[in-house]
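>>> need coordinates for the following:
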Amino acid sequence: MLHEGPWKWVIGGVLAIAGAAPADTPFALSRVGLGPVAQRIAHEDCRLLIIGDSNSIKSGPNSTVGGVCRTWKPDHFVGRVSPGTVSSNEGIRIMTSATGLNVIPRAVYHVGNADPHIWSNGQDGFIPNRAMDMISTGTGLASVAHYCVCELTRLDEYPGGDWTLGGTLKARLIFAHDQSGFSQLRYRARRDTQNGPYVNFTPHDEADRAWIDWVDADVPDGTGTVTTQVRTPADWTSSGQGGPSPCPENCTPGHSLFHAAQMIWRTDVEGLQVDSIAEGGFTVADHLTGASHYDDDALRLYLAATRSPNCFMLLLGQNMTVAQLMDIEGLWRDQVLELINRYRNTSLDVDPDGDPLFLLVSPWSTNDDSGRFHRMALVLADIAEIHPDIGFVNLHLTAGAHRYLNGETLPDGVHYGDDEAANLLTGLIWEQIQRELDGAADLVIQSDSQDLSNLRLASDTIVHIASGTHTGPIAVDGIDVEIRGWDESTCGLSGTTDGPAVQVAASGTVQACRLHLQPGAGALDADGGRAGACVHVNESSMHLRNVDLLGGTTARGGAIALRQATFTATDCYLHQGTAALSGGLIDAEHSSLHLTSTLLEHGDAADGGGVHALAGTILLQTSTISNCVADAGGGALLNSTSGSIEESMIQYNQAETGSGLLLDDAPIEVAGTVLCSNEGQDIVGAYVNQGDNIIGGTCGCPGDLDENEVTEINDLLLVLSFWGNDDGNGDIDGDGVTNVTDLLIVIDTWGPCP
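Predicted structure coming up:
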């Protein structure tokens, strides 16, 4: 059992969590109080409004909202809201109208130098997201442009395909009245080539203060792209079409239409409508009334215009003031609560019978691994623990340490470089929603030394391991089990004299990531010997990613033993393993072994210093086997094994037979691979040469045939002297013959060896 604390066993072997995480844990739980909001998001009429910063203002598809649209799976998508500007990240904001919104003016129509007029086409500081699947623009009047246009695109990217098909659609233009005397305009929707009827509206308002308003139009039935447009009653054409210059009254100084947003939604189903209010650089305080970016009247009217949102997701915390940073548990917490109260109260003002729910998501960053994110996650979890209408998802915990996403893909926790990053993080939020609905178990191991030797993981369990060194073995009995560390440099799991760090039983399936696995005695094999000092997988499957495995000493498999198993490793490091018999690092019998971008080094065994595989399959991709020692097969001994070795390195290995590879009835395909600096024969046994290989010579200097640390004229003469030979002499690329490709390698590597 675990040490005394907030953990307990539940009858039937499923782990559950009681209470909050220990105070010394750097994480809150993976989710807190998520039930009601998860139910609404997945199964009810959910009008979701995301309140954030840069995460929701990206103009391309790779944004939070775009990721939500692609990865969340409620019963139906119902609608989308999109702002009236290309981007809301303009920085400086000034008051240009009495709408209660801070807006920025910009030039939208300036043909030549005749019309330098500046006007506003949207409210910065109060802009819904423009992201994927809906583009709404009011950026003006190019010579052939509509006044305002909105277009739905990429609808097949939604779960279930195009959500607009087979239902009744409405379109809505949301705008702010203007007091400047703007005359009547027309609004209509269109599907493919079929136009709906125009609806007339007048933006002008005689009141002392302008207000947000909206106008609706029916979308024609059918298929094809859905668009909307605003025009003047008289229409207009460009001068290139023989008509007047396209300049309706908004070109007149003092006349403007504030195009706040457009939305399109289905009226015949319930499900998910997505919107967001965001501004680049915003902190929590910038969404409070005192910041004056939008007042309560404007917020109330906007919520009414967007069909009374009933679910609010807060994605704030990447940006902080110094005062907030210095007092996360005080000032920042108070501001989060104030923001929740503002939206709760305003929502109930709009719909007194409403039931607003809130989803808090912890901030996360790829370029800041400081303690502030830990602290904010704990604050948000505590808020959700106290308030029944608030749920919490710990994205900080589930995503892991900052360095696990490519910097180009996700340079920080907000600005997604591509869809993959947005999908990953929004997918992790959805995973917690779905796990809550399924009643799946999640367990957080505190940042201390824990004895996990009695921990047996049933199906659909996720274990989050915080920093610390914990002792196993952890036994995996179920399917779809995950063991997630924070960072393999700080999250250790070790085996003991009773077994390896992780033991996967028959029919089990497990994924492990971001861990440092340390050796134990290994598990008992069928013959009574010990095998797999770190990992033993028997008649089951396992996938490792970003795992550091320090091997030990066993009879077979100094680090990993596979028995009728399926095993993959990506971006892993296996090292320092010794086996008396076979597989200094990996011993695989009747198994499928797939290694990608993985380094194996310093393995020692009688057979297969790095890898020993018997009667199975192997795929080695962009990986390296280095500095391994054996009597036979220094890098690897493959017996009755099929598969391929691609774009890999096998180097500095030693063996009496087959210092690099020993292939015994193993028709392995070898492509784009380098075998070099192995002491003895690089390959013994037949293989299928797929080309682009470099076999033999000194690593980093394959053209140095005489091994004098420089590629020069003597090496070129050696190639010429062996020209046409098929005995291996002069055959640098290992294609079976000494020819022009070998000569070119000498020329390409000419000069001192690196």
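>>> where do the strands sit along the stretch 301-450 of the chain?
With strands called from DSSP state E, counting those that start in this stretch, the stretch 301-450 of the chain shows them at 311-315, 357-361, 390-393, 442-445.
>>> err, the stretch 151-300 of the chain, not the other one
Using DSSP E, counting those that start in this stretch, strands in the stretch 151-300 of the chain cover 169-176, 185-191, 194-195, 199-201, 212-218, 226-231, 258-266, 272-278.
>>> about what we covered before: most packed of the strands of the stretch 301-450 of the chain?
With neighbours defined as mean count of other CB atoms under 10 Å, those peak in mean count at strand 390-393, which reaches a mean of 28. For every residue, glycine as well, the C-beta is placed using N, CA and C.
>>> show me the biggest helix of the chain in terms of residues.
Longest helix in the chain, counting residues (DSSP state H): helix 419-438.
>>> helices and strands around that helix, which ones?
strand 31-32, helix 35-43, helix 64-71, strand 390-393, helix 395-399 (3 or more CB pairs under 8 Å, 6 or more residues apart in numbering; DSSP states H and E).
>>> just those: most buried one?
Burial of these is given as mean neighbour count (mean count of other CB under 10 Å); strand 390-393 ranks first at a mean of 28.
>>> which other residues reach that one?
Strand 390-393 is contacted by residues 28, 30-38, 340, 357-362, 380-381, 383-384, 428-429, 432-433 when judged by CB atoms under 8 Å, 6 or more residues apart in numbering.
>>> in its sheet, what does it sit against?
If you go by DSSP bridges, strand 390-393 pairs up with strand 31-32 (antiparallel), strand 357-361 (parallel).
>>> average model confidence for the shortest one?
Think strand 31-32. Averaging pLDDT along strand 31-32 gives 94.
>>> stretch 497-512 now?
pLDDT averaged over stretch 497-512 gives 94.
>>> then stretch 727-734?
77.
>>> go through that stretch and flag the buried ones.
Of the residues in stretch 727-734, 728, 730, 731, 732, 733, 734 count as buried by neighbour count, 16 or more other CB atoms under 10 Å.
>>> using CSV, lay out the residues you listed together with secondary structure.
As requested, the buried residues of stretch 727-734 are exported to CSV (DSSP: H, G, I helix; E, B strand; the rest coil):
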residue, secondary structure
728, coil
730, coil
731, coil
732, coil
733, coil
734, coil
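>>> a markdown table for those residues, including distance to residue 748?
What follows is those, written out as a markdown table (distance: CB to CB, whole Å):
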| residue | distance to residue 748 |
| --- | --- |
| 728 | 20 |
| 730 | 16 |
| 731 | 16 |
| 732 | 10 |
| 733 | 11 |
| 734 | 16 |
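>>> closest to residue 575 out of those?
Distance to residue 575, by CB to CB, is smallest for residue 734 among the buried residues of stretch 727-734, at 27.0 Å.
>>> which non-adjacent residue is nearest the closest one?
residue 695 (3.1 Å; CB to CB, 6 or more residues apart in numbering).
>>> quick one: the one you found from residue 732, how far?
Distance, residue 695 to residue 732, by CB to CB, to the nearest Å: 7 Å.
>>> now do the shared contacts for those two.
What both residue 695 and residue 732 touch, as defined by CB under 8 Å, 6+ apart, is an empty set.
>>> pLDDT score assigned to residue 315?
So, for residue 315, pLDDT stands at 91.
>>> who's it bridged to?
residue 52.
>>> so it sits against residue 52, correct?
Yes: if you go by CB atoms under 8 Å, residue 315 and residue 52 touch, sitting 3.8 Å apart.
>>> which residues are common contacts for those two?
Common neighbours of residue 315 and residue 52, counting by CB under 8 Å, 6+ apart, are residue 64.
>>> got a markdown table for the strands of the stretch 301-450 of the chain, with distance to residue 633 too?
Formatted as a markdown table, those follow (distance: least, CB to CB, whole Å):
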| stretch | distance to residue 633 |
| --- | --- |
| strand 311-315 | 53 |
| strand 357-361 | 50 |
| strand 390-393 | 48 |
| strand 442-445 | 38 |
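>>> tell me which of these lies nearest to residue 550.
Nearest of those (CB to CB): strand 442-445, 19.5 Å.
>>> who does that closest one pair up with?
strand 462-465 (parallel).
>>> the residue nearest the centre of the chain and residue 63, how far apart?
Central residue of the chain (CA atoms, centre = their mean): residue 424, 2.3 Å from the mean position. Taking CB to CB as the measure, residue 424 falls 13 Å from residue 63.
>>> name the residues contacting each of these two.
Contacts common to residue 424 and residue 63, judged by CB under 8 Å, 6+ apart, are absent.
>>> quick one: closest of the strands paired with strand 390-393 to residue 713.
Nearest to residue 713, of all the strands paired with strand 390-393, is strand 357-361, at 65.5 Å by CB to CB.
>>> what's the mean pLDDT across that closest one?
97.
>>> repeat for stretch 376-385
Regarding stretch 376-385, the rounded mean pLDDT is 94.
>>> cool, stretch 524-541 as well?
For stretch 524-541, mean pLDDT rounds to 95.
>>> give me the buried positions along that stretch.
525, 529-541.
>>> please state the offset of it from the chain centre?
33 Å (CA atoms, centre = their mean, to the nearest Å).
>>> just the C-alpha atoms of that stretch, please, in CSV.
Extracted in CSV, the C-alpha atoms of stretch 524-541 (Å, rounded to 0.1, in the frame of the first residue of the first chain):
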residue,chain,number,x,y,z
LEU,A,524,11.5,-14.3,-13.2
ASP,A,525,11.5,-15.8,-16.7
ALA,A,526,9.9,-19.1,-17.5
ASP,A,527,13.2,-20.9,-17.0
GLY,A,528,13.6,-19.4,-13.5
GLY,A,529,16.2,-16.8,-14.5
ARG,A,530,16.0,-13.1,-14.0
ALA,A,531,15.3,-10.9,-17.0
GLY,A,532,14.6,-7.2,-17.6
ALA,A,533,16.2,-5.2,-14.8
CYS,A,534,14.1,-2.1,-15.6
VAL,A,535,11.2,-3.4,-17.7
HIS,A,536,9.7,-6.8,-18.2
VAL,A,537,6.9,-7.2,-20.8
ASN,A,538,5.2,-10.5,-21.1
GLU,A,539,2.5,-11.3,-23.7
SER,A,540,1.5,-7.6,-23.7
SER,A,541,2.5,-4.3,-25.2
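>>> dump the buried residues of stretch 524-541 to JSON lines, plus secondary structure and distance to residue 261.
Output for the buried residues of stretch 524-541, formatted as JSON lines (DSSP: H, G, I helix; E, B strand; the rest coil; distance: CB to CB, whole Å):
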{"residue": "525", "secondary structure": "coil", "distance to residue 261": "65"}
{"residue": "529", "secondary structure": "coil", "distance to residue 261": "69"}
{"residue": "530", "secondary structure": "strand", "distance to residue 261": "66"}
{"residue": "531", "secondary structure": "strand", "distance to residue 261": "63"}
{"residue": "532", "secondary structure": "coil", "distance to residue 261": "58"}
{"residue": "533", "secondary structure": "coil", "distance to residue 261": "60"}
{"residue": "534", "secondary structure": "coil", "distance to residue 261": "55"}
{"residue": "535", "secondary structure": "strand", "distance to residue 261": "53"}
{"residue": "536", "secondary structure": "strand", "distance to residue 261": "57"}
{"residue": "537", "secondary structure": "strand", "distance to residue 261": "53"}
{"residue": "538", "secondary structure": "strand", "distance to residue 261": "57"}
{"residue": "539", "secondary structure": "coil", "distance to residue 261": "56"}
{"residue": "540", "secondary structure": "coil", "distance to residue 261": "52"}
{"residue": "541", "secondary structure": "strand", "distance to residue 261": "48"}
